[in-house]
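Q: structure for this input, please:
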Amino acid sequence: MRAETKCASEILLPVTDYDLAATLDSGQVFRWRPDGGGWVGVIGRNRVRLTQEREGILAQSDVPVEQWDWLRTFLQTDVELERILGTFPGDDPMNRAVAACRGLRVLRQEPWECLASFILSATKQIVQIRQIVSRLCEGFGDRLAAEPQKSSIANDLLYSFPAAERIAGLTEADLRNCRMGFRAPNLLAAARQIAAGTLELERLRGLPYGEAQAELMTLRGVGAKIADCVLLFAYGFDSAFPVDVWVERALRTLYFPRRRVSEKHLRRFAATHFGPHAGYAQQYLFHFVRTKPRKDEN
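A: Numbering: from 1, shown residues only. From the prediction side, this is the model:
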């Protein structure tokens, strides 16, 4: 087994019950690409290649790394998945989702990148969000010092995600050139508020869920769904339950088939049915209904 050594360019993170592909391809993040049996992506200013192995996850960096805590935090390899799954309701839809997606984890992302990415997600499919984020990074991110070990790597993965301060200095036209449409003024306004200190993202970590959600929703273009995505994926508020079209479809088809249920009723059901790790349950339902054959919905 590869042990962690000072300034190593690779490490094996021991972990069981972890589905790397499902986790990176479940709509939480948008800067990861499958590559030769592994996945390549950028975390902060670190470009890494991750490969699922029997003993855990092999991480390989373009440059030597002194410590890998940032990767453990991002991947949430220390989380006891069995304990979280044990809090889910034992109903048939939830059991089917867990069986189909076993090993899926909720990642822990950097708040600004997560917020900006989900502002750009409004009314877009995952493949389209990836394209917009790719153009944004390639156009305005910082070039990463290390060259990739493989020349086939996507161009946008040569750059970091642009900081709020960088985007705050751009124009709406600059952002629209990334083909983000009406999302451009929303992203620009959020970046300028954060760069000016009007909203302090780090302060949200110490707030109760409701207050943190309300703070995020003061940003232009950020409603309950985007705020909940950020709180779940960047801050670890496991009670956050983002409801988009896929989750609404999951709730309606799996829990209320052939019944007319209002959106208000769905949200009340979601807030009370799924337990203390409702956000985790949401991610299993989301990935399940998005990837399973439609004929199995009923």
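Q: can we go C-alpha only for contacts and neighbour counts from here?
A: Will do.
Q: correct me if wrong: residue 204 contacts residue 212.
A: Yes - taking Cα atoms under 8 Å as the definition, residue 204 is a contact partner of residue 212 at 5.4 Å.
Q: quick one: the nearest residue to residue 270 once chain neighbours are set aside from residue 133, how far?
A: Sequence neighbours aside, residue 241 is the residue nearest to residue 270 in space, at 7.2 Å (criterion: Cα to Cα, 6 or more residues apart in numbering). To residue 133, residue 241 is 24 Å away according to Cα to Cα, to the nearest Å.
Q: repeat that for residue 221.
A: Separation of residue 221 from residue 133 (Cα to Cα): 17 Å.
Q: who has more neighbours, those two?
A: residue 133 (25 against 21; other Cα atoms under 10 Å).
Q: can you tell me what sits against the helix or strand containing the more buried one?
A: For residue 133, the host element (DSSP states H and E) is helix 126-140. Outside of helix 126-140, the residues within contact range by Cα atoms under 8 Å, 6 or more residues apart in numbering are 27, 30-31, 117, 120-121, 155-162, 166-167, 175, 178-180.
Q: make it 7 Å
A: Outside helix 126-140, the residues that touch it by Cα atoms under 7 Å, 6 or more residues apart in numbering are 27, 30-31, 117, 120-121, 155-156, 159-162, 178-180.
Q: could you do stretch 213-233 as well?
A: Residues contacting stretch 213-233 (Cα under 7 Å, 6+ apart): 28, 106-109, 111, 114-115, 118-119, 186, 189-190, 237-238, 240-244, 279.
Q: buried ones in it?
A: For stretch 213-233, the neighbour count (16 or more other Cα atoms under 10 Å) marks 213, 215-217, 219-233 as buried.
Q: what does stretch 11-29 give?
A: Buried residues in stretch 11-29, defined by neighbour count with 16+ other Cα under 10 Å: 11-15, 18-29.
Q: just the ones of these in strands?
A: Using DSSP state E, the subset of these located in strands is 11-14.
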